[in-house]
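Chemist: got a structure for you, letters missing:
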């Protein structure tokens, strides 16, 4: 994978702009752009965010964590949770156990949660 400095240089070169012209767009000095592109200094997070927005890429891509410009898209759901969500009867039992009997508010919330999971209320 490419380093941050080589990605930043490739971004600028893709615009066909000199370091001076590009630095004016980025709001930093030309010497800063040069140091960022040659790995002599780390670009501050605000500058990296500017690159990400300007080139419509993710910070994961800039940091070399992925070669996909859109970055790594996370849909966090542990496997155990995914498996348990399939068992609607078990969810219904869990929801039943979470709420005190006799409370009108708890009964409404319990019913809504049971309906959301597709279970049957008791």
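Modeler: Sure, I can see it. Owing to the predicted nature of the structure, the values given are computational and were not obtained by experimental measurement.
Chemist: check which residues of stretch 35-43 are buried.
Modeler: Residues 35-37, 43 are the ones in stretch 35-43 that count as buried (16 or more other Cβ atoms under 10 Å). C-beta: built from backbone N, CA, C; applies to glycine.
Chemist: in strands only, show me these.
Modeler: Using DSSP state E, no member of these falls within strands.
Chemist: could these go into TSV alongside pLDDT?
Modeler: Formatted as TSV, the buried residues of stretch 35-43 follow (pLDDT from 0 to 100):
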residue	pLDDT
35	97
36	96
37	95
43	94
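Chemist: okay, and which of the residues you listed map to helices?
Modeler: 35-37 (DSSP state H).
Chemist: just give me the closest of these to residue 16.
Modeler: residue 37 (15.1 Å; Cβ to Cβ).
Chemist: for the closest one, give me its contacts.
Modeler: 5-6, 8-9, 12, 19 (Cβ atoms under 8 Å, 6 or more residues apart in numbering).
Chemist: which element is the closest residue to it other than its chain neighbours on?
Modeler: The spatial neighbour of residue 37 that comes closest, neighbours along the chain excluded (Cβ to Cβ, 6 or more residues apart in numbering), is residue 9 at 4.0 Å. Element membership for residue 9, per DSSP states H and E: helix 4-15.
Chemist: for that helix, packing partners?
Modeler: helix 19-26, helix 30-37, helix 45-55, helix 59-62 (3 or more Cβ pairs under 8 Å, 6 or more residues apart in numbering; DSSP states H and E).
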